[in-house]
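Asks: Next come a sequence and a model predicted from it.
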Amino acid sequence: MGGGSPMQTVLSAPGVKDGKVVSFTLDAATDEKDTVAGLIRSIIATSSPAQRTAFHVFHINTVVDLFSAWRRTLPNVRPYYAVKCNPDPALLGALAALGAGFDCASRAEMEAVLALGVGVGGVPPGANRSIVYANPCKAEPHLEYAAEAGVALATYDTESEVAKVARCHPRCELLLRLKGPDGGTTGGDLMNKYGAHAHEVSPLLRAAQRARVAVAGVSFHVGSPVSRVDVYRGAIESARAAFDAAVALGMPPMRVLDIGGGFRAGAAFDEAAAVINDALADVFGDLLPCVEVIAEPGRYFAETAFTLAARVIGKRARGEAREYWIDDGLYGSLNNVLMDHKVPRPRPLAGACPGEKTYASTVFGPTCDSQDLVVTGYQLPEMSVGDWLVFDNMGAYSTGAGSKFNGFDISEMKIYVAYSS
């Protein structure tokens, strides 16, 4: 991170400085969400009618604060942001400026990070230590691109992947991906798709040994978001067993431990960090001076930093029930309802008056698919076409996973980068 305050460094970072940053004053006596709502009203008021469509506000201060909290709470664990969670260039640029690394799963994700100056193409293999190619099953052209770009740390959990790496990127170092214990996830459970079982660890290490591909360490992921933080201890114990197995096979000592993601900002993060810090001290205490510990947080940095504003474009009243259509939905940034089990809690941008009557309301997205349903039976005051709904905590698995279904293109949605003082 360069000189000056963290915020000054972030505001001058590639990906941030390249776009217009909207500044506003954060009143200490006012709730942050209400202040952001005021900014949304200002954006709408100064937009032309043609521009008054759904948009996001990215409050960049939130990421700066979360990064600082990470450094205080997990001081010996470098975060490698999971790009898949939200690939917004301003978010990537801010995290790069703060000192984060990046978890990339494809050529496009690596290119997005490299475009910000996090390493450059054509560097010698192994020169870029800020990207982990954290996809255990990689397409050969993507792997060849990683070799060209100097991205030389990648995950694996099958013997076929060892052969592929030996053929396409022989100087790449590997992290053996372990199957972690069940984290009681409510969203993304990766356990059935990725991760070596305990009895597979030694054979996979031997496969790399035979192929003369270096194994730098171990990775695991306990799912996202994690509701049972105690699972990190079990996963760290399994990782130590893999470290010891490599020593028993006469392999060079491992030096990287990747504890994955699943973190959510707030009290849950503090609880997880306490378990992780204790487990690392207990299980890896004798190795820590020689082992780099990294993690792959996604939603921790992205979720609470983004707010969605969506416009009511249609309405129907049926008795006491109300139905509304908005200009974003399950095929747009609200796809996190399906993909990430998001429970939307929309609120009227205009606010609600005390004692104002509310109605059991259904909110649909804009497509012609009847399953494009955002909420149903949700209490809202009377809304009109042209009114706006606000959705908080919309940064995780939202804009990055939308589509162009029915001609509604998520890539055209405006994201306003906001800085508060």
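Replies: Done, it's in. Residues are numbered from 1 along each chain as shown.

Asks: Could you use CA atoms for every contact and neighbour count after this?
Replies: Fine.

Asks: The stretch 51-200 of the chain: helices as residue ranges?
Replies: Secondary structure of the stretch 51-200 of the chain (DSSP state H, counting those that start in this stretch): helices located at 60-73, 89-98, 107-114, 140-149, 159-168.

Asks: Can I get the second one in PDB? Just the C-alpha atoms.
Replies: These are the backbone C-alpha positions of helix 89-98, laid out as PDB (Å, rounded to 0.1, in the frame of the first residue of the first chain):
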ATOM      1  CA  PRO A  89     -13.300  -3.100 -11.100                       C
ATOM      2  CA  ALA A  90     -13.600  -0.400  -8.300                       C
ATOM      3  CA  LEU A  91     -13.900  -3.100  -5.700                       C
ATOM      4  CA  LEU A  92     -11.000  -5.000  -7.100                       C
ATOM      5  CA  GLY A  93      -8.900  -1.800  -7.400                       C
ATOM      6  CA  ALA A  94      -9.700  -0.800  -3.800                       C
ATOM      7  CA  LEU A  95      -8.700  -4.200  -2.400                       C
ATOM      8  CA  ALA A  96      -5.500  -4.300  -4.500                       C
ATOM      9  CA  ALA A  97      -4.500  -0.900  -3.200                       C
ATOM     10  CA  LEU A  98      -5.100  -2.000   0.400                       C
END
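
Asks: Please work out which of the helices of the stretch 51-200 of the chain is packed deepest.
Replies: helix 89-98 (a mean of 24; mean count of other Cα atoms under 10 Å).

Asks: Would you confirm that Ser370 belongs to a strand?
Replies: No - counting by DSSP: H, G, I helix; E, B strand; the rest coil, Ser370 is not part of a strand but coil.

Asks: for stretch 212-229, which positions count as buried?
Replies: Buried positions in stretch 212-229, judged by neighbour count with 16 or more other Cα atoms under 10 Å: 213-227, 229.

Asks: circling back to that earlier point, right, so of the helices of the stretch 51-200 of the chain, which gets closest to Phe301?
Replies: Checking the helices of the stretch 51-200 of the chain against Phe301 by Cα to Cα gives helix 60-73 as the closest, at 5.8 Å.

Asks: So which other helices or strands are in contact with the closest one?
Replies: The contact analysis (3 or more Cα pairs under 8 Å, 6 or more residues apart in numbering; DSSP states H and E) places helix 60-73 against helix 6-11, helix 89-98, helix 299-302, strand 414-420.

Asks: Need those in TSV (columns: distance to Thr62 and mean pLDDT).
Replies: Shown next, in TSV, are those (distance: least, Cα to Cα, whole Å; pLDDT from 0 to 100):
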stretch	distance to Thr62	mean pLDDT
helix 6-11	11	93
helix 89-98	11	96
helix 299-302	8	97
strand 414-420	9	94
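
Asks: got those as CSV, with distance to Asp392 columns?
Replies: Below are the helices and strands packed on helix 60-73 laid out as CSV (distance: least, Cα to Cα, whole Å):
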stretch, distance to Asp392
helix 6-11, 23
helix 89-98, 17
helix 299-302, 12
strand 414-420, 14
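
Asks: For Lys179, grab the count of nearby residues.
Replies: Per other Cα atoms under 10 Å, the neighbour tally for Lys179 reads 23.

Asks: Lys138 now?
Replies: Neighbour tally, Lys138, other Cα under 10 Å: 20.

Asks: for it, what are its contacts?
Replies: Counting by Cα atoms under 8 Å, 6 or more residues apart in numbering, Lys138 touches 105-106, 161.

Asks: and it, what are its phi and psi?
Replies: phi -110, psi 140 (degrees, to the nearest 10).

Asks: so what's Tyr81 up against?
Replies: Counted by Cα under 8 Å, 6+ apart, Tyr81 has contacts 95, 100-103, 295-298, 301.

Asks: Identify the residue spatially nearest to it, adjacent ones excluded.
Replies: Phe102 (4.6 Å; Cα to Cα, 6 or more residues apart in numbering).

Asks: coming back round to it: and which of the contacts of Tyr81 is nearest to Gly262?
Replies: Distance to Gly262 across the contacts of Tyr81 (Cα to Cα) is lowest for Pro297, with 6.6 Å.

Asks: pLDDT score for the nearest residue to the closest one once chain neighbours are set aside?
Replies: Nearest non-adjacent residue to Pro297, counting by Cα to Cα, 6+ apart: Gly261, 4.5 Å away. Gly261 is assigned 93 on the pLDDT scale.

Asks: distance of Tyr419 from Gly332?
Replies: Distance of Tyr419 to Gly332, given as Cα to Cα, to the nearest Å: 25 Å.

Asks: Who has more neighbours out of these two?
Replies: Gly332 (26 against 18).
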